[in-house]
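*Asks:* coordinates only, no sequence provided:
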C-alpha cells in the first residue's frame, strides 16, 4: 500500500513505479491510498496499471491517519491488515497504519524505501 504525495511524487519515483509493476507481475497485490478527494478517470486508469485498488479518502469518507481507511484498503485487496505494508512520508500516517495492524515504512528516499521493502519481501 502506497501514499501518492511525497512517495510517488519523489524525484526518483520512476524507480518506485518500476518496483510496483514488478511486484504485481509476481502476484503481490498493491494499493494506492491517498487523502485526496478523488481523481479523474484518466488518472485512475493510469494508476490501475500499477495498483489493484485505488482508495481516495474523499470517496470513502475517512482519511489517514484513521485506522479505518487502511482497513478499507486492505479489504479491497482481499488481505488482512497483518499481511500489508504501508509506505508514506508522514510519520503520523505510518502510525495510523500500524494501529490498523500493518507494517509501516516511512519513505525518505526511493533507495531507502526499496531497501526496506526488500527486507519485508525477500522472496522477490
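*Replies:* Now that the structure is in, tell me what you want to look at. Source: prediction; values computed, not measured.

*Asks:* okay, buried residues for the helix or strand of the chain with the lowest mean pLDDT please.
*Replies:* Across the helices and strands of the chain, the lowest-confidence element by mean pLDDT, DSSP states H and E is helix 41-47, at a mean of 92. Buried residues in helix 41-47, defined by neighbour count with 16 or more other C-beta atoms under 10 Å: residue 47. In short, each C-beta sits where N, CA and C put it, glycine included.

*Asks:* any idea how far it is from the chain center?
*Replies:* 16 Å (C-alpha atoms, centre = their mean, to the nearest Å).

*Asks:* just use 8 as the starting number from now, easier for me
*Replies:* OK, 8 is where the count begins now, so the last one is helix 48-54.

*Asks:* now the lengthiest helix in the chain, how far from the chain's geometric center?
*Replies:* The helix that spans the most residues within the chain, counting by DSSP state H, is helix 20-32. Mean-position distance between helix 20-32 and its chain equals 12 Å (C-alpha atoms, centre = their mean).

*Asks:* which other helices and strands does that helix contact?
*Replies:* Helix 20-32 sits against helix 117-127, with contacts defined as 3 or more C-beta pairs under 8 Å, 6 or more residues apart in numbering; DSSP states H and E.

*Asks:* which residues are contacting the helix it packs on?
*Replies:* Identification of contacts with helix 117-127 by C-beta atoms under 8 Å, 6 or more residues apart in numbering yields 14, 17, 19, 20, 22, 23, 26, 92, 94, 110, 112, 114.

*Asks:* do that again at 7 Å, thanks
*Replies:* 17, 19, 20, 22, 23, 26, 92, 94, 110, 112, 114 (C-beta atoms under 7 Å, 6 or more residues apart in numbering).
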